[in-house]
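Colleague: Show me the folded form of this:
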Amino acid sequence: MSTAVVATVSPARRVRGRVRVPGDKSISHRYALIAALAEGRSRITNFAPGADCHSTLACLRRLGIESHEDTSGVITLMGRGLGRFRSPVEPLDAGNSGTTMRLLAGLLAGQGFVSRLVGDASLSRRPMRRIIEPLERMGGRVEATDGHAPLTIHGAPLRGMIHRFEVPSAQVKSAVLLAGLHADGSTTVVEPAQTRDHTERALVTFGADITTHGAAVSVAGHRALTAQRLSIPGDFSSAAFWMVAAAALPGSRVEIEDVGLNPTRTALVGVLQRYGARVLVEVTGLEAGEPRGTILVESDRIGTVEISPEEVPGLIDELPAIAALAAHGGEVSVCGAAELRVKESDRIAALVAGFRSLGIAADERPDGFVVSGPAAGAWHISTDSVDASTSSDHQGSSSGGTADARGDHRMAMAFAIAALAGRAPSRILGADSVAISYPSFFDTLDRLVA
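Modeller: Numbers count the residues shown, from 1 in each chain. Next up, the predicted model:
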């Protein structure tokens, strides 16, 4: 096990309260990257506070983009226009962020210089061939180490093309569309299944020429973009953990305000309703093509959930949260989700190992998992008595009741929600990883169970 921060999560009878989650991580990345290509100064409110999105901002600064963040989380960026990035004198460090690396690679493929993209150990294990192949078909050249980062990108004049994906991926789709902004002619991507469409909506807002026909999305090259003033809604994938907690714990009621309700992101609502929860969704506004509003979740009954392969693309970030439902009763089974093995961690292996450490029955599948909880009541774990505070130097132990997040923010949050069902406190090893997307997660958890 690592020596990362340990958080202690005590059992809870219910969760109740109103929550505002951080700004949407996916949208924050995209607004920053596209604003850098626009002409003029963009102002972005409620920018995601996590480390991943700040990796994107740091990379943009090394490419000559002036940016400023005030104390309220408002970001201003001075765009340089298409093809006008400054050649970086140092490698561009994407940290732990696959979105930063893949989308930025698309932007850099059409620039007139050589750049190098690096990341941490986790990111350096994630597959990059899926972006390398289409970018090279467009005329770029990308050097990699056996299909992994670091990536050396030799910018070149690009030509439009039609690219058909074998595996659904919003990041790969976005990388190709962003490269298409610098390409001659039109660039088209065709997905085998719909993925989140934040890039398409953002490009339309900034003035790109985008057309959609069924599963095909096209962008015209060399069209100037215009700076915008935008507000980012709350992150639905962060809200998912509170939705699951409210659905699973009897007597719970959680209302999430000003959260993004993009229909390519909200499949979890139907999953929780199948589980037996009461879920009310109200759209209260629309900005830059992104609907936003309120979600109210109340527990009702415990059921079983089966996630089929065709559902996976719309739930890929929520699957760890969904797995935590079973800790509170019922069963969750997932198949067709092999993509989970190449996320920030092998999320299938990490989930199963972590849940077993908490005393929850869980089994791996090659492309998914099965998690089984008690038919009713809470499960029992064995754990040493620990203080409720976190400790930056506590290494944990191999005894029951300690789950290792393996440096993965979604693992840490999923284990915390599962631990609410215990009869004794549980420990989450690597709890500091929540800083990647939701730095205040454990503070909010404490408030909701108070």
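Colleague: Please make it C-alpha for all contacts and neighbour counts, starting now.
Modeller: OK.
Colleague: How about the spatially most central residue of the chain, nearest residue that isn't a chain neighbour?
Modeller: Taking C-alpha atoms, centre = their mean, the centroid of the chain lies closest to D317, which sits 5.7 Å from it. If the residues on either side of it in the chain are set aside, D317 comes closest to S237, at 6.4 Å by C-alpha to C-alpha, 6 or more residues apart in numbering.
Colleague: The one you found: neighbouring residues, count only.
Modeller: Applying other C-alpha atoms under 10 Å, we find 26 residues neighbouring S237.
Colleague: Equivalent analysis for G359, please.
Modeller: Neighbour number of G359 under other C-alpha under 10 Å is 20.
Colleague: Thought F415 was touching it, still the case?
Modeller: No. Using C-alpha atoms under 8 Å, G359 is not in contact with F415, being 11.6 Å away.
Colleague: hey, where'd the helices end up in the stretch 51-200 of the chain?
Modeller: Remark: helices assigned in the stretch 51-200 of the chain by DSSP state H, counting those that start in this stretch are 51-62, 98-108, 129-137, 170-180, 198-205.
Colleague: and the longest one, what other elements does it pack with?
Modeller: Under the contact definition 3 or more C-alpha pairs under 8 Å, 6 or more residues apart in numbering; DSSP states H and E, helix 51-62 sits against helix 25-37, strand 92-93, helix 98-108.
Colleague: Take the ones you listed and lay them out in CSV including distance to P157.
Modeller: As requested, the helices and strands packed on helix 51-62 are arranged in CSV below (distance: least, C-alpha to C-alpha, whole Å):
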stretch, distance to P157
helix 25-37, 16
strand 92-93, 21
helix 98-108, 11
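Colleague: Make CSV from the ones you listed and add mean pLDDT, mean neighbour count and distance to E136 to it.
Modeller: Converted to CSV, these look like this (pLDDT from 0 to 100; neighbours: other C-alpha atoms under 10 Å; distance: least, C-alpha to C-alpha, whole Å):
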stretch, mean pLDDT, mean neighbour count, distance to E136
helix 25-37, 98, 26, 21
strand 92-93, 98, 22, 20
helix 98-108, 98, 26, 10
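Colleague: quick one: which of these is nearest R265?
Modeller: Proximity to R265 (C-alpha to C-alpha) singles out helix 25-37 among the helices and strands packed on helix 51-62, at 10.6 Å.
Colleague: Show me what that closest one is packed up against.
Modeller: Contact partners of helix 25-37 among helices and strands, from 3+ C-alpha pairs under 8 Å, 6+ apart: strand 39-45, helix 51-62, strand 75-80, helix 98-108, helix 198-205.
Colleague: Among those, show me which one is buried the most.
Modeller: By mean neighbour count, with neighbours taken as mean count of other C-alpha atoms under 10 Å, helix 98-108 ranks first of the helices and strands packed on helix 25-37 at a mean of 26.
Colleague: Can you name every helix or strand that it contacts?
Modeller: Here helix 98-108 touches helix 25-37, helix 51-62, strand 114-118, helix 129-137, helix 170-180, going by 3+ C-alpha pairs under 8 Å, 6+ apart.
Colleague: and the direction of the first one versus that of helix 170-180, what angle?
Modeller: Put simply, helix 25-37 runs at 10 degrees to helix 170-180, going by axes from the mean of the first three to the mean of the last three C-alpha atoms, to 10 degrees.
Colleague: coming back round to it: how about the residue nearest to the centre of the chain, phi and psi?
Modeller: phi -80, psi -20 (degrees, to the nearest 10).
Colleague: show me where the stretch 301-450 of the chain has strands.
Modeller: Under the criterion DSSP state E, counting those that start in this stretch, the stretch 301-450 of the chain contains strands at 304-307, 331-334, 361-365, 368-372, 402-404, 426-429.
Colleague: Can you add mean neighbour count and give these back as JSON lines?
Modeller: As requested, those are arranged in JSON lines below (neighbours: other C-alpha atoms under 10 Å):
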{"stretch": "strand 304-307", "mean neighbour count": "18"}
{"stretch": "strand 331-334", "mean neighbour count": "23"}
{"stretch": "strand 361-365", "mean neighbour count": "19"}
{"stretch": "strand 368-372", "mean neighbour count": "22"}
{"stretch": "strand 402-404", "mean neighbour count": "29"}
{"stretch": "strand 426-429", "mean neighbour count": "30"}
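Colleague: Present those as JSON lines; the columns should include mean pLDDT.
Modeller: Formatted as JSON lines, the entries for the strands of the stretch 301-450 of the chain read as follows, by pLDDT from 0 to 100:
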{"stretch": "strand 304-307", "mean pLDDT": "95"}
{"stretch": "strand 331-334", "mean pLDDT": "96"}
{"stretch": "strand 361-365", "mean pLDDT": "95"}
{"stretch": "strand 368-372", "mean pLDDT": "96"}
{"stretch": "strand 402-404", "mean pLDDT": "95"}
{"stretch": "strand 426-429", "mean pLDDT": "96"}
